[in-house]
Every structure is written in structure tokens, then in C-alpha cells.
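**Student:** Structure for the following, please:
(2 chains)
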There are 2 protein chains.
Amino acid sequence: MSKFNLNQSIQILRNTPAVLRILLCDLSEDWITQNEGGESWSPYDIVGHFIHGEKTDWVQRAKIILEFGKSKPFTPFDRFAQVRDSAGKGIKVLLDEFELLRSENLNVLSMMKLQDNDLKKEGIHPELGIVTLKQLIATWVIHDLSHIRQISRVMAKNYKDEIGPWQEYLPVVNE
Amino acid sequence: MSKFNLNQSIQILRNTPAVLRILLCDLSEDWITQNEGGESWSPYDIVGHFIHGEKTDWVQRAKIILEFGKSKPFTPFDRFAQVRDSAGKGIKVLLDEFELLRSENLNVLSMMKLQDNDLKKEGIHPELGIVTLKQLIATWVIHDLSHIRQISRVMAKNYKDEIGPWQEYLPVVNE
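**Tutor:** A predicted model of the protein is given here:
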């Protein structure tokens, strides 16, 4: 495991829009919109979820910690906002939107000029209770990686019926 | 789920080197070499494994199917070759090597001008028995996605101890 490092975290956060763009570029509609059944998310939904996070979650919560500390809990996050916000938009529009918002938010983060003592500052998560600014930023990073992981899993399942006996070696298609 | 489509498969295979490059670019050594404990693989190991696949697995096996059909089983794949082959090489060297080999292999695949009847041709996997060329190429695609997934999981675990109470929302760090 690694110790938290702000510059390293920012580098991973900066990489994500391009990772998504390349992972999803020039794919046909079915590869973008296929989900894992029921209410589960497709790559398209996940990009919308990333956008909503940039608008309402990470940097907004960092501002609340720095300005209000534990006196003002974070606004709860809407996990279904993307259904409303993405409606009618193509995947390229969403990828552009995410890239722009992420870049703006990393600028805001950079302008905060966070020092070690800032990273220890605390805020109140509406469900999880006391969290630190450092935990918030580390979670932002892991959240990115977790959804890149989800997208590659959802995509992998697309060919579940096409790989024949190799299913035995690729358990991802049956998860 | 999607029906097998050769062009779509090639597009995903073409994207993978750039996905890996961006996912791993400008990260410090610990993010590249951290594994999940024991003999498990780091992102560095996985890139080496991708390289060995390009050298000995996918296109080589496609050639065996087209040339020998079921009369010559595939050469078994060495899952530990990367430990030997990658020794002493930096991650950027490996990423360049993978990109070049993948590009060459996709050229070979393209020159095969595969038709529907070719995709039905059969070969012998040393452990799994009869497989078709279509299954081989579909597996190549899913294998890419499965290891992108693995890399993002391995990376996510790096900050397991840094996200505090958010572990509850990000089960990936405890998998």
C-alpha cells in the first residue's frame, strides 16, 4: 500500500478522462450502453455519474471542509442524477463534459494550495460521519479507479457467449 | 450481450496500449510495482504479461488454426514469462514494446482478411480442447479488458488505508 501523496493523487485524477475516452472511443452503441442487467450501470451511465460527481461531490465537499469544517455536513450525493442529466446526450458530449469539469476542478484544487495541516481538517459526511480532507481526496482517486474497473467488467461481459471454453479462464464474464 | 463483431473487436484491441499508457503514466514507482500480496501481479507484471501474449499467444494461435486446424495443438502459454522477459526494463520501455507488438499483430490479423467461414475454423487448445478462431479473437478482447480491470483493482488497493470510513462504499479495496 502507498502513503497518501497529493501530487500522485492529482496525476491519477488528471489521467481518468483520457482513460475513459480511449477505452470507449469508436465503439458501437451496444458496447457503450450495455449494462449488467436490471438497474445496473452501462459505461454510458458511469460517465454520467462521473460528471455528476465533478459537479456536486469532490471539490464541493473539499470547499465545505475548508470553509465550514464540521459545522456543515456535506450535501448528500444523488447516485441517480445521471439518468436525468445525461438524457439525449451522446457519449462524446459526455466525455468532453467530464474532461472539462475535471480539469476545472483540478485547477480549483491546485489553487487551494493544500498543506499537510489542511489535509487533516475534518468535515461531516451525512452517512459516514467525520472524515478528513485527505480521506476525501484519496476516495476521489479510488472512486475513479473503481469505476474504470466497473466499465471494463461490464464491457468484458458483452462477449460472455462468444468465448466458449475460455470462460473457465476469464471468471470476469460470470461475476 | 453483443454478437461477435471483428471490426469492433479490433477497435478494442487497438485501444488497449493507449489505455495502459494513460492509466500508468507519470505515476511513482510504488503505484506501478505494488501487487496484491504473495505471487500476485503488479501493473508492471501485467504489462509484461500482455507483451508475452503478443509474442506467443493470440496471433500465433490464429496462425496455427488457419494453417494446421485441429492437427496441431497450440503451444501452452507461459504465465510467468514476464518475470524473466521484463527484468531490468522500465515501465515506459514495456509500454512501448507492447504498443509496437500489438500494432504489428493487428496488421497481421488484418492481412488474414478473415471471412465468416474462417472464424468458424477450429483448433486445439492444450487444456480446453476444441476452440474456434472466433472464440480465440473474442477471448483476446476479453483478456484485455479483464487485465485493465485487474490493474485498476490493484491500484485502488494502494489507498486502502487512506480512505477511512469510505471503505464501506468502495468494496474494491477489500477484494
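
**Student:** and the residue nearest to residue A:43 when sequence neighbours are not counted, what helix or strand is that in?
**Tutor:** In this structure, residue A:43 finds its nearest non-sequential neighbour in residue A:151, 4.8 Å apart by C-beta to C-beta, 6 or more residues apart in numbering or on different chains. To be clear about C-beta, it is placed using only N, CA and C from the backbone, and glycine gets the same treatment. In this assignment (DSSP states H and E), residue A:151 forms part of helix A:133-157.

**Student:** and that helix with helix B:133-157, angle?
**Tutor:** Calculated by axes from the mean of the first three to the mean of the last three C-alpha atoms, to 10 degrees, helix A:133-157 forms an angle of 170 degrees with helix B:133-157.

**Student:** Helix A:133-157 packs against which elements?
**Tutor:** helix A:6-24, helix A:43-56, helix A:58-68, helix A:116-119, strand A:122-125, helix B:133-157 (3 or more C-beta pairs under 8 Å, 6 or more residues apart in numbering or on different chains; DSSP states H and E).

**Student:** Figure out which of those is closest to residue B:66.
**Tutor:** Among the helices and strands packed on helix A:133-157, helix B:133-157 comes nearest to residue B:66, with 7.3 Å by C-beta to C-beta.

**Student:** okay, the angle between the closest one and helix A:6-24?
**Tutor:** Going by the same axes, to 10 degrees, helix B:133-157 makes 160 degrees with helix A:6-24.

**Student:** between helix B:133-157 and helix B:43-56, what angle do the directions make?
**Tutor:** 170 degrees.

**Student:** I'd like the distance between residue A:119 and residue A:95.
**Tutor:** Residue A:119 sits at a distance of 30 Å from residue A:95 (criterion: C-beta to C-beta, to the nearest Å).

**Student:** got a list of what residue A:56 touches?
**Tutor:** Going by C-beta atoms under 8 Å, 6 or more residues apart in numbering or on different chains, residue A:56 touches A:75, A:77, A:78, A:81.

**Student:** Please work out how many residues are found near residue A:66.
**Tutor:** Neighbours of residue A:66 under the rule other C-beta atoms under 10 Å in any protein chain shown: 14.

**Student:** I should have written residue A:104 there, sorry.
**Tutor:** 12.

**Student:** in the helix-or-strand element of chain A with minimal mean pLDDT, what counts as buried?
**Tutor:** Here the helix or strand of chain A ranked lowest by mean pLDDT, DSSP states H and E is helix A:81-85, holding a mean of 83. For helix A:81-85, the neighbour count (16 or more other C-beta atoms under 10 Å in any protein chain shown) marks A:81, A:82, A:85 as buried.

**Student:** Would you mind pulling up the elements that the helix or strand that it is followed by packs against?
**Tutor:** As assigned by DSSP H and E, the chain's next helix or strand after helix A:81-85 is helix A:91-111. Packed against helix A:91-111, as judged by 3+ C-beta pairs under 8 Å, 6+ apart, are the following elements: helix A:6-24, helix A:43-56, helix A:58-68.

**Student:** among the helices and strands packed on helix A:133-157, which is nearest residue B:41?
**Tutor:** Judged by C-beta to C-beta, the one of the helices and strands packed on helix A:133-157 that comes nearest to residue B:41 is helix B:133-157, at 7.1 Å.

**Student:** Please state the offset of the closest one from the chain centre?
**Tutor:** Here helix B:133-157 is found 6 Å from its chain centre; the criterion is C-alpha atoms, centre = their mean, to the nearest Å.

**Student:** What mean pLDDT does it get?
**Tutor:** The predicted model gives helix B:133-157 an average pLDDT of 98.

**Student:** what angle sits between that helix and helix B:91-111?
**Tutor:** 160 degrees.

**Student:** Quick one: residues contacting residue A:139.
**Tutor:** B:163, B:166, B:169, B:170.

**Student:** just so I know, which of the helices and strands packed on helix A:133-157 lies nearest residue A:157?
**Tutor:** Using C-beta to C-beta, those put helix B:133-157 closest to residue A:157, at 8.6 Å.

**Student:** and the angle for that closest one with helix B:58-68?
**Tutor:** Going by the same axes, to 10 degrees, helix B:133-157 is angled at 170 degrees with respect to helix B:58-68.

**Student:** Now do the buried residues in helix B:133-157.
**Tutor:** So helix B:133-157, judged by 16+ other C-beta under 10 Å, has buried residues B:133-157.

**Student:** which residue packs closest to residue A:11, ignoring adjacent ones?
**Tutor:** Closest residue to residue A:11 apart from its sequence neighbours, by C-beta to C-beta, 6+ apart: residue B:26 at 5.1 Å.

**Student:** ignore the last one, residue A:173
**Tutor:** For residue A:173, the closest residue by C-beta to C-beta, 6+ apart turns out to be residue A:160, at 4.1 Å.

**Student:** what's the closest non-adjacent residue to the residue positioned nearest the centre of chain A?
**Tutor:** With distances taken as C-alpha atoms, centre = their mean, residue A:144 lies nearest the centre of chain A, 3.9 Å away. What sits nearest to residue A:144 in space, not counting adjacent residues and going by C-beta to C-beta, 6+ apart, is residue A:16, at 4.6 Å.
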